[in-house]
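> Dropping a prediction and its sequence here:
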Amino acid sequence: MSSYLTLKGIYKSFGPIEALREVSFDVAKGSLTILTGADGAGKSTLFKVILNLLKAERGEIFFQGLPLQDPEKLKRVSGYMPERFSLYPDLTVEENLNFAAEIRQVPRPLREKRKEELLKKTGMEPFKKRRAGRLSGGMKQKLALSSTLLSAPEFLLLDEPTTGVDPLSRAEFFKILEELRDEGKTILLSTPYLDEAERGERVLILKNGRLILDQELNVLKETFPYPLFRILTTESPFQILERWRDDREIGPAIYPRGKYLYYLQTGERPPEEIAPNRGIERCSPSLEDIYLYNERKSSDERPDHRC
């Protein structure tokens, strides 16, 4: 896929605080790119720099392969959903959309058509007469997304849109986003949830304003430097760790991942030798494994510690 947006060496500080440190990456056209990282990593600041709501001290932004000389050009084709989207609780769903259409100067002939399409796509049609203040968290975010989409943007920047939303509503929200991507929208979304980040084609990880990882998810999983195995056992994590913690080869390799599930990094030693008489199977690393490995590696910890 061709590059839709390119950032090169973006640097932004607030006094002594380096919010973004030489951040560079590409967003492919028609893709769902996920930006993740801990709170305070710089995700919201990065979005605001892209939209010229904040000025970077250094760096360049390229839009569709050309230097972005006029930031308004990108704004005109973008839909931005900030972390705290302001809805009017005393207005109904439909009234909120009408107000958003006025603010975004959506021509009246198009307003009704797009409004009905979005209410249907998000499953909000039965609730269009309900006051926004009486909506669930997930429904509020669907309304916020619909408001953002009224102007038919080709590029969506969604800043932690599912924070505080229940798991079912999060899944429904991502289904909508995947449909939008399949329709040709380019989406850059930030999230603190690693399970959500697995829904994107490309994953960007920020730590203290620095990009520590930028890669397609399938490549990250295929190139993870350690073979991982699951051990199925009825023993508790405490029993397993107590027995193996003093073994220098096994101790740093075992990582509990649930009540009866463990991951091993075995090196050259066959897993059957480490855990005889137990069910063992090779498994693919999760994004959490990948995140922890790269986060600790970026802190100059030994890469052969627990992933």
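Happy to help now that I have it.
> Can you pull the phi and psi angles for Ala152?
phi 50, psi 50 (degrees, to the nearest 10).
> Relative to Leu66, how far out is it?
22 Å (C-beta to C-beta, to the nearest Å). C-beta here means a position set from N, CA and C on the backbone, and glycine is covered the same way.
> Repeat that for Glu242.
In terms of C-beta to C-beta, Glu242 sits 61 Å off from Leu66.
> same thing with Arg134?
Distance from Arg134 to Leu66, by C-beta to C-beta: 46 Å.
> neighbour count winner among those two?
With other C-beta atoms under 10 Å as the criterion, Arg134 and Leu66 differ in neighbour count, and Arg134 comes out ahead with 12 against 9.
> pLDDT score assigned to that one?
Turning to Arg134, the model gives it a pLDDT of 94.
> what does Tyr262 give?
Looking at Tyr262, the pLDDT reads 53.
> The stretch 51-200 of the chain: helices as residue ranges?
71-76, 93-103, 108-121, 137-149, 167-182, 194-197 (DSSP state H, counting those that start in this stretch).
> Mean neighbour count and distance to Ser13 added to the ones you listed, as TSV?
Shown next, in TSV, are those (neighbours: other C-beta atoms under 10 Å; distance: least, C-beta to C-beta, whole Å):
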stretch	mean neighbour count	distance to Ser13
helix 71-76	14	20
helix 93-103	19	32
helix 108-121	14	39
helix 137-149	22	29
helix 167-182	16	32
helix 194-197	19	26
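> mind giving me JSON lines with those and columns for mean pLDDT and distance to Tyr11?
Formatted as JSON lines, those follow (pLDDT from 0 to 100; distance: least, C-beta to C-beta, whole Å):
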{"stretch": "helix 71-76", "mean pLDDT": "92", "distance to Tyr11": "17"}
{"stretch": "helix 93-103", "mean pLDDT": "92", "distance to Tyr11": "32"}
{"stretch": "helix 108-121", "mean pLDDT": "90", "distance to Tyr11": "38"}
{"stretch": "helix 137-149", "mean pLDDT": "92", "distance to Tyr11": "28"}
{"stretch": "helix 167-182", "mean pLDDT": "91", "distance to Tyr11": "30"}
{"stretch": "helix 194-197", "mean pLDDT": "88", "distance to Tyr11": "24"}
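> Out of those helices, which is closest to Asp214?
helix 194-197 (12.6 Å; C-beta to C-beta).
> how distant is that closest one from the center of its chain?
How far helix 194-197 lies from its chain's middle: 6 Å, per C-alpha atoms, centre = their mean, to the nearest Å.
> one step back: do you know which of the helices of the stretch 51-200 of the chain lies nearest Pro285?
Closest to Pro285 of these is helix 194-197 (C-beta to C-beta; 11.6 Å).
> got a list of contacts for the closest one?
Ile34, Thr36, Thr162, Arg170, Phe174, Thr191, Val203, Ser286, Leu287, Glu288, Tyr291 (C-beta atoms under 8 Å, 6 or more residues apart in numbering).
> can you check stretch 36-56 too?
Contacts for stretch 36-56 (C-beta under 8 Å, 6+ apart): 5, 7, 10-12, 19-20, 23, 35, 61, 71-72, 74-75, 78, 80, 82-83, 157, 159-160, 188, 190-194, 197, 203-209, 291.
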